[in-house]
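here is the input, now give the coordinates:
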Amino acid sequence: METGLLLDTFVDLADTMISDFDVIDFLQLLTDRSVALLAASAAGVVLADPRGELRVAAASSEVAGVMELFQIQNDQGPCLDCFRTGQPVTADLTRSSQRWPRFAAAATGAGFQSVQALPMRLRDEVIGALNLFRTGPGLLDPEELRIGQALADVATIALLQERNVRRSNIAAEQLQAALTSRVIIEQAKGKLAERLGLDMDRAFGLLRNYARSSNQRLTDVARTFVDSATADFPPPRPQAPARSRAKDKP
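Numbers count the residues shown, from 1 in each chain. From the prediction side, this is the model:
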C-alpha cells in the first residue's frame, strides 16, 4: 500500500469538510480511494435517508452501484446486515447462497467473489455502510480492514458534523437533497453516455472532471446538462441574473 496516497486521502477527506460541502463528491472520493488503497475491486456506499431507508449514495463503478441497489430492492445482503447490526460483515459469496440466495447469485454472476461491509457508525448511531467488493478469491486482510474502517469512520464524522452545523432538521433536508442529487447525476450519466456512445463509468468521469476543472458542483453540472434543450457537452454555464442599476441621486 502506498503510504503517501493513504495520507493524501485523509487530507483530501478532511479538506472537503470545510466550506461548500459537497456530499456526493465527498462520498465518491471515499469509494474511489477505497479501491485505490485496498485490495478491493469495487466499493459502494449506502446511506439511510431521513426515514431510515437505505439509498445508494456512491459507487466506484456502475456494477458496484447495481449490486448495492440490488441488495436494497431485495432486502438482503451484507450491507443491510451491516447497517442493521452496526457490525462489520464478511461474506464469501461462493458460500453464501443460503444466507443471501438472491444477492449471492447476482453478485457472483457480476464477477464478485466476496464482499466486506463496514459500518458508518459513531458510537450508537449508524448512518450507512461502506461495502468493499472483490473479484478475486480471498478476503481483505485485517490491516486493510482497519484502514477501510478508518476511512468509513472519517466519512461518518464528516457527515454527522455537517448535520450538527446545520442542525438536525436542516441536516435531514441536506442528506435528502444529496440522495436526490444522485438521481440527477444518474440521469446526466445516461444522457451523456447515449450522446457520446460511452459506458456509464466513463460518462460519470467526464461529468466529474468537468465539474472540478470548471470549479462547479457536480450536481449543478449534472442538472444543467439534464435540463439543457441540447445534448451538447460541456453544458453552457448558467447565466448570472443581471443586476439592476440604481439611478444616481443628486
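
point out where the chain drops to low pLDDT.
By pLDDT under 70, the weakly predicted segments of the chain are 1-2, 10, 12, 14-21, 162-175, 230-231, 235-250.

ok, which stretches of it are strands?
Along the chain, the stretches classed as strands by DSSP state E are 42-48, 54-59, 89-92, 114-122, 125-134.

can you point out the buried residues in the last one?
Using 16 or more other Cβ atoms under 10 Å as the test for burial, strand 125-134 gives 126, 127, 128, 129, 130, 131, 132, 133, 134. The C-beta positions use only the backbone N, C-alpha and C, and glycine is treated the same way.

the nearest residue to the first one once chain neighbours are set aside: how many residues sit nearby?
To tie it back to what came earlier, the one meant is residue 126. For residue 126, ignoring the flanking residues on the chain, the nearest one in space by Cβ to Cβ, 6 or more residues apart in numbering is residue 86 at 4.5 Å. Applying the criterion other Cβ atoms under 10 Å, we find 14 residues in the vicinity of residue 86.

could you export the strands of the chain as TSV, including distance to residue 11?
Formatted as TSV, the strands of the chain follow (distance: least, Cβ to Cβ, whole Å):
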stretch	distance to residue 11
strand 42-48	19
strand 54-59	19
strand 89-92	29
strand 114-122	20
strand 125-134	19
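
among those, which comes closest to residue 209?
Closest approach to residue 209 among the strands of the chain is made by strand 54-59 (16.3 Å; Cβ to Cβ).

could you dump the closest one to PDB, C-alpha only?
Extracted as PDB, the C-alpha positions of strand 54-59 are listed here (Å, rounded to 0.1, in the frame of the first residue of the first chain):
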ATOM      1  CA  LEU A  54     -31.200   2.800   2.700                       C
ATOM      2  CA  ARG A  55     -30.300   4.500  -0.500                       C
ATOM      3  CA  VAL A  56     -27.300   4.100  -2.800                       C
ATOM      4  CA  ALA A  57     -25.100   7.300  -2.300                       C
ATOM      5  CA  ALA A  58     -21.900   6.500  -4.200                       C
ATOM      6  CA  ALA A  59     -20.200   3.700  -6.100                       C
END
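
within its sheet, name the partner strands of that strand and how each one runs.
Sheet partners assigned to strand 54-59 using DSSP bridges are listed as strand 42-48 (antiparallel).

could you check the angle strand 125-134 makes with the strand it pairs with?
For strand 42-48 against strand 125-134, the angle by axes from the mean of the first three to the mean of the last three Cα atoms, to 10 degrees is 160 degrees.

mind checking how far strand 42-48 is from the chain centre?
Distance, stretch centre to chain centre, for strand 42-48: 6 Å (Cα atoms, centre = their mean, to the nearest Å).

one step back: tell me the contacts of the residue nearest to residue 126?
By Cβ atoms under 8 Å, 6 or more residues apart in numbering, the contact set of residue 86 is 119, 121, 124, 126.

swap the cut-off to 7 Å and go again
Going by Cβ atoms under 7 Å, 6 or more residues apart in numbering, residue 86 touches 119, 121, 126.

same question, residue 87
By Cβ under 7 Å, 6+ apart, the contact list for residue 87 reads residue 119.

now it. Its backbone dihedrals?
Dihedral angles of residue 87 (phi, psi; degrees, to the nearest 10) stand at phi -120, psi 150.

what's the spacing between it and residue 131?
In this structure, residue 87 and residue 131 are 14 Å apart, going by Cβ to Cβ, to the nearest Å.

quick check: bridge partners of the most centrally placed residue in the chain?
Taking Cα atoms, centre = their mean, the centroid of the chain lies closest to residue 58, which sits 1.8 Å from it. Beta-bridge pairing for residue 58 (DSSP bridges): residue 45.

ok, now how distant is it from residue 43?
Distance of residue 58 to residue 43, given as Cβ to Cβ: 8 Å.
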